[in-house]
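*Asks:* sequence isn't available, so here's the structure alone:
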Ligand SMILES: NC(=O)c1ccc[n+]([C@@H]2O[C@H](COP(=O)([O-])OP(=O)(O)OC[C@H]3O[C@@H](n4cnc5c(N)ncnc54)[C@H](OP(=O)(O)O)[C@@H]3O)[C@@H](O)[C@H]2O)c1
């Protein structure tokens with residue numbers, strides 16, 4: 001049976017800073033044990049010690065570069081075999097400098113490995129293990145740029161549209177298997193992601209930028225409300241519901257045996 005309560009042990013990718021570190025703190029405050037994953041072992045160790053001391057939860061650190069096949073596969077195996085992990089927060093992600101014309105192709109490839117391949121393989125492993133147990137939760141960090149890729153240069157928006165599509169189809173497949181799936185679509189959120197890729201958050205209007213504690217608290221609240229998709233900034237979810245209804249209403253007419261009259 002699905003539950004709207006996050007409980008047990010959460011594995012959080014990208015837990016060394018920003019949204020992931022904030023999820024770790026807010027989940028620890030709710031009493032969840034944690035597995036913290038990222039590349040920066042020193043930062044993860046410091047966070048683990050703080051959370052264990054502040055909240056009395058068990059916190060384990062796993063150093064992993066999720067763009068490296070062997071390290072991703074090791075984490076995938078952990079999700080397949082460790083039945084104590086009841087929540088996966090698929091959060092690690094990056095942007096790159098520049099758009100399509102001037103970006104470094106190797107950096108774009110790394111972004112696709114981190115933003116697309118890693119959450120795909122990790123959510124597939126978690127889905128398999130959790131569906132077999134009939135319980136669990138998978139939370140995928142997409143972005144509002146999944147809905148408006150024209151407003152963020154380069155392939156980043158496309159990686160987040162992939163995460164949105166993955167989340168929607170995964171939720172459908174797991175609907176009757178006791179596993180909750182939530183996609184989170186933050187707007188601009190104050191973290192290191194911008195300075196890591198040469199972007200300047202300070203150049204943007206402050207009313208567009210949410211503090212990371214507020215964003216994660218809203219995302220967790222959305223999970224507890226039973227939402228499949230959570231848009232922390234959007235004032236009225238009826239706007240998204242109308243968009244989604246129009247999208248789905250096209251369904252019966254999107255694949256037909258004859259070309260549309262305008263192409264004849
Ligand atoms: N901030 C925003 O405005 C915003 C908006 C919408 C969606 N998001 C999404 O939210 C997620 C978290 O982003 P954030 O804003 O919190 O960024 P952040 O502060 O830069 O955090 C990114 C996290 O990912 C980890 N990471 C980066 N490369 C990695 C790799 N190769 N292997 C493993 N871990 C890696 C980083 O840790 P290490 O460097 O220690 O590995 C860090 O913990 C991302 O998926 C992002 O796309 C952010």
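*Replies:* Noted; the coordinates are in hand. Quick caveat: nothing in here was measured; it's all calculated off a predicted structure. Residues are numbered from 1 along each chain as shown.

*Asks:* please count neighbours and contacts with C-alpha atoms only from this point.
*Replies:* OK.

*Asks:* and residue 1, what pLDDT?
*Replies:* In the prediction, the pLDDT value recorded for residue 1 is 69.

*Asks:* what is the burial count for residue 111?
*Replies:* Neighbourhood size, residue 111 [other CA atoms under 10 Å]: 21.

*Asks:* show the pLDDT at residue 216.
*Replies:* On the pLDDT scale, residue 216 gets 98.

*Asks:* ok, the residue nearest to it when sequence neighbours are not counted to residue 154 distance?
*Replies:* Excluding its sequence neighbours, the residue lying closest to residue 216 (CA to CA, 6 or more residues apart in numbering) is residue 23, at 6.2 Å. Counting by CA to CA, to the nearest Å, the gap from residue 23 to residue 154 is 27 Å.

*Asks:* also residue 33?
*Replies:* To residue 154, residue 33 is 37 Å away according to CA to CA.

*Asks:* higher neighbour count, the two?
*Replies:* residue 33 (26 against 20).

*Asks:* tell me who's in contact with the more buried one.
*Replies:* 8-10, 57-59 (CA atoms under 8 Å, 6 or more residues apart in numbering).

*Asks:* mind running it again at 10 Å?
*Replies:* 7-11, 24, 27, 51-52, 55-60, 84-86 (CA atoms under 10 Å, 6 or more residues apart in numbering).

*Asks:* which non-adjacent residue is nearest it?
*Replies:* residue 9 (4.5 Å).

*Asks:* thought that neighbour was touching residue 35?
*Replies:* Yes: between residue 9 and residue 35 there is a contact at 7.5 Å, judged by CA atoms under 10 Å.

*Asks:* lovely, talk soon.
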